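Visitor: Here you go, sequence then predicted model.
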Amino acid sequence: MSSFQIIDLSVPISERVKEPLPAKVDYCKHEQGAEQAAKMFELEPNDFPENKAWAVETVTLSTHTGTHVDAPWHYWPTTDGKPSRTIDELPLEWFYGSGVLFDFHKKEPGYEITTEDLKQKLKELNYELKPYDIVLIRTDADKKIFEDNYFNAHSGVSAEATHWLIDQGIKVMGIDGWGWDIPFHLQAEEYKKNPRDGVLWAAHFVGQEKEYCQIEKLANLDQIPKPYGFKVAVFPVKIEKASAGWARPVAIIE
């Protein structure tokens, strides 16, 4: 019997997920695999048992489709005047650490989480953030990944709250919504009313000044049984010079 529990914090890579950047998955069945193998190795499909060989999938998707980790390069070409790092350049130590769960699932979609919201939650939990804690924001938007409004179903984190988290030593922070900022249509509406800086993609653009990573499209945060005292592992796929990498994050409960 295992002495620990592992909770999957990822959404599936699936054509059924309703998002603006959907994945396309082509499934090659075993019979097709026999045909492929026969061509590659100058054989006949019936040389394989029951005309069956390998099953293979071809997946076409953005690095920002599915559960993924954003690298500083995603936000801006530079961070604090230096070239922003891509996903393959970041220290792996960032992606394993103590998890802290902030539960905002009762907030309405579009609500912008503030620094005061975070401080109040920490006060209620009697917990003080530590450098390299991995912060998880629960909105329960992942429950709507197969619904048309998934793109707009989450609350988001403000730029000032993002600054504050980084100032506490947090390098990796994530959310179970489509994005870290509030839904984009709300940003666009506000900008059209009064065009100005600090409205469009404001939390992401914190990366112009401070280096950090976001996890987007997390899932199952409601299954984590406690707000802290657990570990998170969220190693991104190593894609050369990329703005993000897919991940299969997990919470480890001992």
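Guide: Perfect, I can see it now.

Visitor: beta partners for the most centrally placed residue in the chain?
Guide: By Cα atoms, centre = their mean, the chain has its centre lying nearest to E216, at 2.5 Å. Assessed by DSSP bridges, E216 has beta-bridge partners H68.

Visitor: who touches it in this structure?
Guide: The contact partners of E216, by Cβ atoms under 8 Å, 6 or more residues apart in numbering, come to H64, T67, H68, D70, G174, I175, G177, W178, G179, W180. Where C-beta positions appear, they are placed from N, C-alpha and C, glycine not excepted.

Visitor: Tell me the confidence at it?
Guide: E216 carries a pLDDT score of 99 in this model.

Visitor: what's the distance between it and N149?
Guide: E216 is 17 Å from N149, where distance means Cβ to Cβ, to the nearest Å.

Visitor: Run a quick neighbour tally on A202.
Guide: By other Cβ atoms under 10 Å, 19 other residues sit near A202.

Visitor: That one reaches G179, doesn't it?
Guide: No. Judged on Cβ atoms under 8 Å, A202 makes no contact with G179 at a distance of 11.6 Å.

Visitor: Check which helices and strands the helix or strand harbouring L136 is in contact with.
Guide: Under the criterion of DSSP states H and E, L136 resides in strand 134-138. Helices and strands touching strand 134-138, by 3 or more Cβ pairs under 8 Å, 6 or more residues apart in numbering; DSSP states H and E, are strand 96-103, strand 172-175.

Visitor: buried ones in the following helix or strand past the shortest one?
Guide: It stands for strand 172-175. Counting by DSSP H and E, the next helix or strand C-terminal to strand 172-175 is helix 184-193. The neighbour-count check on helix 184-193 (16 or more other Cβ atoms under 10 Å) flags F184, L186, Q187 as buried.

Visitor: now the helices for this structure?
Guide: 30-41, 72-75, 115-125, 159-167, 184-193 (DSSP state H).

Visitor: Could I get these in a markdown table, plus columns for distance to T139?
Guide: Converted to a markdown table, those look like this (distance: least, Cβ to Cβ, whole Å):
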| stretch | distance to T139 |
| --- | --- |
| helix 30-41 | 41 |
| helix 72-75 | 21 |
| helix 115-125 | 12 |
| helix 159-167 | 14 |
| helix 184-193 | 14 |
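
Visitor: Just tell me which of those helices ends up closest to W246.
Guide: Closest approach to W246 among those (Cβ to Cβ): helix 72-75, 13.4 Å.
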